[in-house]
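1. Coordinates for the following, if possible.
(one chain, ligands or ions: 1)
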Amino acid sequence: MSHPKLELTNITKVFYPHTVNERIALKSVSLTLREGDFVTIIGSNGAGKSTLLNVISGAHRSEAGILRVDGADVTRLADHQRARYISRVFQDPMAGTSPHMTIEQNLSMALSRGRRRGLRRGVSAAKRSRFREELAALELGLEDRLGVRVGMLSGGQRQALSLLMATFSEPEILLLDEHTAALDPQRAALVTRLTGEAVARHGLTALMVTHNMEQALQLGNRLIMMHEGEIIFEIDAGAKERATVPDLLAEFGKVRGATEALSDRTLLG
Ligand SMILES: Nc1ncnc2c1ncn2[C@@H]1O[C@H](COP(=O)(O)OP(=O)(O)OP(=O)(O)O)[C@@H](O)[C@H]1O
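-> Residues are numbered from 1 along each chain as shown. This next block holds a predicted model:
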């Protein structure tokens with residue numbers, strides 16, 4: 001049998017250990033993703049959602065536990081060593097792209113990422129035509145603006161571009177960290193749709209943190225709910241299509257204090 005794409009076994013993350021400020025952000029979390037699984041992650045503030053992504057990307061080291069990708073133990077690899085097979089889109093549209101470089105240069109850099117070739121000076125005609133094709137699929141008219149500096153684009157356009165850059169090199173694992181939260185509802189809906197399409201088209205294995213329950217139900221084949229550093233509820237492949245926002249609220253309600261911690265934007269999307 002093939003290995004899982006991603007396997008977390010008893011991952012524990014503690015901030016400021018052995019001090020008065022000690023905070024256990026992840027408490028022996030275990031989670032297994034098969035190739036093509038797309039898990040959405042919801043939970044109250046401070047539940048450990050971003051920390052989970054940070055431990056997977058290597059931005060944070062875990063104090064205990066093992067992290068495997070395709071069966072290989074990567075627990076001790078630094079984030080830049082994992083960048084070859086892990087892509088991430090952040091909440092801040094400014095984080096995923098270089099504003100002073102053109103759309104074409106940004107795409108070129110993303111494509112060569114992790115392939116040890118660095119940034120090539122020239123872009124071949126074949127590459128350029130691929131870029132045009134990929135950009136056209138975003139339906140933002142960016143395919144005719146390859147030479148425009150990314151700093152000139154709107155937040156929604158930059159986030160769509162970040163998503164394209166994170167997915168078209170077909171990473172082993174895609175991490176999405178509230179990547180639509182900073183966008184207005186229309187742009188958020190667009191980037192949500194593009195996310196579903198990109199993950200499906202490339203058959204990616206993905207994790208997405210969101211405060212929007214509708215989005216958490218709309219995207220992905222599995223869902224987990226976190227609270228105080230633990231996975232407290234899980235909806236598996238097969239059952240997710242039938243789950244509703246009231247079902248999720250009922251689960252939140254079971255955790256004392258968690259309902260109060262939910263913000264309006266969580267409820268309303
Ligand atoms: N860099 C850090 N230094 C110290 N403590 C941290 C750090 N990052 C996270 N924490 C703490 O770890 C816990 C989990 O935080 P995390 O950001 O993972 O939660 P979250 O579920 O993503 O929350 P939110 O929905 O508010 O973004 C919190 O108590 C937080 O204060």
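2. Tell me what residue 7 is bridged to.
-> Here residue 7 sits in beta bridges with residue 32, residue 68, as judged by DSSP bridges.
3. Quick check: it vs the ligand, distance?
-> 20 Å (Cβ to the nearest ligand atom, to the nearest Å). Every residue, glycine included, has its C-beta placed from N, CA and C.
4. contacting residues around residue 149?
-> By Cβ atoms under 8 Å, 6 or more residues apart in numbering, the contact set of residue 149 is 99, 100, 101, 102.
5. if you set the cut-off to 10 Å instead, what comes out?
-> 98, 99, 100, 101, 102, 103, 105, 106 (Cβ atoms under 10 Å, 6 or more residues apart in numbering).
6. what's the neighbour count on residue 73?
-> Neighbourhood size, residue 73 [other Cβ atoms under 10 Å]: 12.
7. Let me see the ranges of the helices in the stretch 151-269 of the chain.
-> Ranges of helices within the stretch 151-269 of the chain are 155-167, 185-202, 213-218, 245-254, 258-261, 264-268, based on DSSP state H, counting those that start in this stretch.
8. Which pair of the contacts of residue 149 spans the longest distance?
-> 100 and 103 (12.1 Å; Cβ to Cβ).
9. got any residues that touch both of these two?
-> 149, 150.
10. higher neighbour count, the two?
-> Shown here are residue 100 and residue 103; by other Cβ under 10 Å, residue 103 has more neighbours (25 against 9).
11. residues contacting the residue nearest to the spatial centre of the chain?
-> Residue closest to the mean C-alpha point of the chain, counted by Cα atoms, centre = their mean, is residue 176 at 1.5 Å. Residues in contact with residue 176 (Cβ under 10 Å, 6+ apart) are 38, 40-41, 53, 87-91, 162-163, 166-167, 191, 195, 199, 206-210, 219-220.
12. Counting neighbours, what do you get for residue 185?
-> Neighbours of residue 185 (other Cβ under 10 Å): 9.
13. How about residue 56?
-> 25.
14. my guess is it meets residue 85, correct?
-> No - if you go by Cβ atoms under 10 Å, residue 56 and residue 85 don't touch, sitting 11.0 Å apart.
15. Perfect, that will be all.
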